[in-house]
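Peer 1: sequence and predicted model, in that order:
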Amino acid sequence: MTDIYPTAAAPAPARKRLLPQMPWYVALGMGWIGTMILVALLSELITPFSFTAMDLKYRLVGPFQTLTHPLGTDELGRDVLSRLIVSIRVSLLIAFGATIISAVLGTTLGFLAAHFRGLVEQAVLMLADFQAALPFLILALSVLAFFGNSLPLLIGLMGLYGWERYARIARGLAISASAQGYATAITQLGAQPTRVYLRHILPNIASTLIVSMTLVFPEVILLESGLSFLGLGVQPPMTSLGNMVGYGREYITRAAWIMLAPSTVIVLTTLAVSLVGDWLRDKLDPTLG
Amino acid sequence: MIRYILTRLFRAMITIALVVTFAFVVLRLSGDPAVIILGPEAPPDAIAAFRKAWGLDQPVWVQYLDYFAAIFRGDLGISMRDGRPAIDLVMERIPATLALTLPALMLKLALGVPAGVYAALHQGTAFDRSVMIGAVFGFAIPSFVLALVLVLIFAVTLGWLPSGGRDTIWHAILPVLTLGAGGAAALARFTRSAMLEVLGRPYIRTASAKGLPWAAVVRGHALPNAAIPTVTLIGFLVGSLIAGAVVVESVFSWPGVGRLLVVAVANRDLAVVQCILLLVAATMVTSNLIVDFLYGALDPRLRHGATAGA
């Protein structure tokens, strides 16, 4: 790509063209996502207290009352801000992990269906039907009931969410791509199927897949927080955003801030990702529903 | 048309069989039922007797067929918690769940569909923009957050409505509102985009150009065509009548199927979990099937042998 733009100045107009087209709310959304990622990466450095540390002298302190606990404390005197920061890290880790697993799994199955057709394709489509027949929350709850709970299992389970969308997209696009000149040409030159799919077809359909990821990501956050809220996701002493809301619910009459802080983060994050995702979809691939 | 119906029926049955297989595999993978029920310290001869009594000494494929047969007889196992048949426990919770999800579905349809149609017909107006903003928020706010905020406002601060339980009709208002609001927003957005897509088609321009009044174009040409994708989503909403209230029932301590499921999962009461899993899948598949048949009625192209979505 760099060879096409021999002068350093060439990419600059492209950026200039992109920026004014970005509505203010998309810019805000990107800013919020960036902040959340930074918070998650730096969480160990910026938490004022350990998220499990109890300070029994300061129990149920409201937000903005002391400088030591800017977002207040909970029933056990744990700092809400510190817990919030750790929760953001855990929830984002699960959501990122799950989105990537589901994208890789779905794309692989879609490619396999497109390459082998016949029985393999029927099997993949049948699995997609199965997934559509069960609301994911119910599926996740039954697996957790049968196998108990652990963080890797939870991430793996969330990683099953939405795979069928990538599979459908990857299958459809790969079938139409293999009919196009470039895929045929590279096959004629003797390339292995893996090389054709990964080096040639994948880059061509990547933008559609990335847009799908931005659509799945907020749904994974909502699912994980829903499960954790029910007490069936991330288990204490570990904490996640949904966990904090579930815990704060007990104190809704006396200390609503325990529940409001993580709720705000959940809503703003899903809002930001969906706004950015919608905008990206309109930019990159308006055909996606 | 008959071929279409038969294909759909066949696929629906395959899907149900897959769900039953899934339940069987997961149940077997999760451990030896003899050890789970009798406990790890049970004497070996008791375990052997238990295995023989329940057919666990048979080859796996015989167990698998037995499992299928039992399910078709309506035998879904005994709840480990209170020793009653799992299916009875689930069935007695269904009315409570429907008491929430049916009014919520009405609310979604009554608000969502007209709002979406009106927004599409008046694209770019303030109303259209507020429908879109509402839809984005409706998606981003999880039901438990909405539920808790409503409790905070109407139960804790204003004291107008109860925050949980199922004693009077007042107890149902907040849960129904929580379920309905988010769904209405999603339905409005979906109806709007289905309607916009249809309004951009050449046959709409043709109908206008031949002098039909706009109201007749919308009623005769736009609405029937936009109904086709919208019916899919409504089918999904009907299918989730039983499973759609898990979180909301838990927030409002509403004694429905969802609450039962959460408690059963926490207690690892596998028979109850499996019973709900099968019931939900059956509801979902049935409503999808009805949607497929409705397609045939709504879309004349299908009656003449073309395939869906082509």
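Peer 2: Nice, I can see it. For clarity, every value in this text was computed on a predicted model and none was experimentally measured.
Peer 1: near chain B, which residues of the stretch 1-150 of chain A are found?
Peer 2: Within the stretch 1-150 of chain A, the positions lying close to chain B (CB under 8 Å from any CB of the partner chain) are A:126-127, A:129-130, A:132-135, A:137-139, A:141-148. C-beta here means a position set from N, CA and C on the backbone, and glycine is covered the same way.
Peer 1: now a PyMOL select for only the buried ones of those.
Peer 2: Provided next is the PyMOL selection string for whichever of those are buried by 16 or more other CB atoms under 10 Å in any protein chain shown:
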select buried, chain A and resi 127+129+130+132+133+134+135+137+138+139+141+142+143+144+145+146
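Peer 1: out of the residues of the stretch 1-150 of chain A next to chain B, list just those in helices.
Peer 2: Among these, the members found in helices (DSSP state H) are A:126-127, A:129-130, A:132-133, A:137-139, A:141-147.
Peer 1: tell me where chain A has helices.
Peer 2: Listed in chain order (using DSSP H), the helices of chain A are A:11-21, A:24-41, A:43-46, A:80-116, A:118-133, A:136-147, A:151-158, A:163-178, A:181-188, A:193-195, A:202-229, A:241-249, A:257-284.
Peer 1: burial-wise, tell me which of the ones you listed comes out on top.
Peer 2: The highest mean neighbour count among these belongs to helix A:241-249 (a mean of 26), with neighbours defined as mean count of other CB atoms under 10 Å in any protein chain shown.
Peer 1: packing partners for that helix?
Peer 2: Where contact means 3 or more CB pairs under 8 Å, 6 or more residues apart in numbering or on different chains; DSSP states H and E, helix A:241-249 is packed against helix A:80-116, helix A:202-229, helix A:257-284, helix B:143-150.
Peer 1: any residue of the shortest one up close to chain A?
Peer 2: By that I understand helix B:143-150. Yes. Contact of helix B:143-150 with chain A is found when judged by CB under 8 Å from any CB, involving B:143, B:144, B:145, B:148, B:149.
Peer 1: ok, so of those, who is nearest residue A:39?
Peer 2: For residue A:39, the closest of the residues of helix B:143-150 next to chain A turns out to be residue B:145, at 19.7 Å, with distances computed as CB to CB.
Peer 1: can I get the residues of helix B:143-150 next to chain A in TSV including pLDDT and neighbour count?
Peer 2: Shown next, in TSV, are the residues of helix B:143-150 next to chain A (pLDDT from 0 to 100; neighbours: other CB atoms under 10 Å in any protein chain shown):
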residue	pLDDT	neighbour count
B:143	88	23
B:144	88	25
B:145	90	26
B:148	89	26
B:149	89	18
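Peer 1: make a markdown table from those residues and add distance to residue B:234 to it.
Peer 2: As requested, the residues of helix B:143-150 next to chain A are exported to a markdown table (distance: CB to CB, whole Å):
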| residue | distance to residue B:234 |
| --- | --- |
| B:143 | 19 |
| B:144 | 24 |
| B:145 | 25 |
| B:148 | 28 |
| B:149 | 27 |
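Peer 1: where does the chain dip in pLDDT?
Peer 2: With no chain named, the answer covers chain A. Residue ranges of chain A with pLDDT under 70: A:1-20, A:285-289.
Peer 1: um, chain B though
Peer 2: Using pLDDT under 70 as the threshold, the predicted model of chain B has low-confidence ranges B:30-38, B:54-55, B:302-310.
Peer 1: report back the residue of it that's furthest from centre.
Peer 2: No residue in chain B sits farther from the centre than residue B:45, which is 44.6 Å out by CA atoms, centre = their mean.
Peer 1: and the helices and strands packed on helix A:241-249 as JSON lines, adding distance to residue B:273?
Peer 2: As requested, these are exported to JSON lines (distance: least, CB to CB, whole Å):
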{"stretch": "helix A:80-116", "distance to residue B:273": "22"}
{"stretch": "helix A:202-229", "distance to residue B:273": "14"}
{"stretch": "helix A:257-284", "distance to residue B:273": "27"}
{"stretch": "helix B:143-150", "distance to residue B:273": "21"}
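Peer 1: with respect to residue B:98, which of those lies nearest?
Peer 2: helix B:143-150 (17.7 Å).
Peer 1: give the other helices and strands that that closest one contacts.
Peer 2: Checked by 3+ CB pairs under 8 Å, 6+ apart, helix B:143-150 has helix A:202-229, helix A:241-249, helix A:257-284, helix B:170-199, helix B:246-251 packed alongside it.
Peer 1: I'd like the distance between the residue nearest the centre of chain A and chain B.
Peer 2: By CA atoms, centre = their mean, chain A has its centre lying nearest to residue A:217, at 2.9 Å. According to CB to the nearest CB, to the nearest Å, residue A:217 stands 12 Å off from chain B.
Peer 1: surely that residue meets residue A:102?
Peer 2: No. Under the contact definition of CB atoms under 8 Å, residue A:217 does not touch residue A:102, with a separation of 9.8 Å.
Peer 1: list the contacts of residue A:71.
Peer 2: For residue A:71, the contact set (CB atoms under 8 Å, 6 or more residues apart in numbering or on different chains) comprises A:63, A:79, A:80, A:81, A:84, A:257, A:261.
Peer 1: flag every residue of the stretch 1-150 of chain B that's near chain A.
Peer 2: So far as CB under 8 Å from any CB goes, the stretch 1-150 of chain B lies against chain A at B:11, B:14-16, B:18-19, B:22-23, B:26-27, B:29-30, B:136-137, B:139-145, B:148-149.
Peer 1: helix, strand, or coil at the residue farthest from the centre of chain B?
Peer 2: Secondary structure, DSSP: H, G, I helix; E, B strand; the rest coil: residue B:45 is helix.
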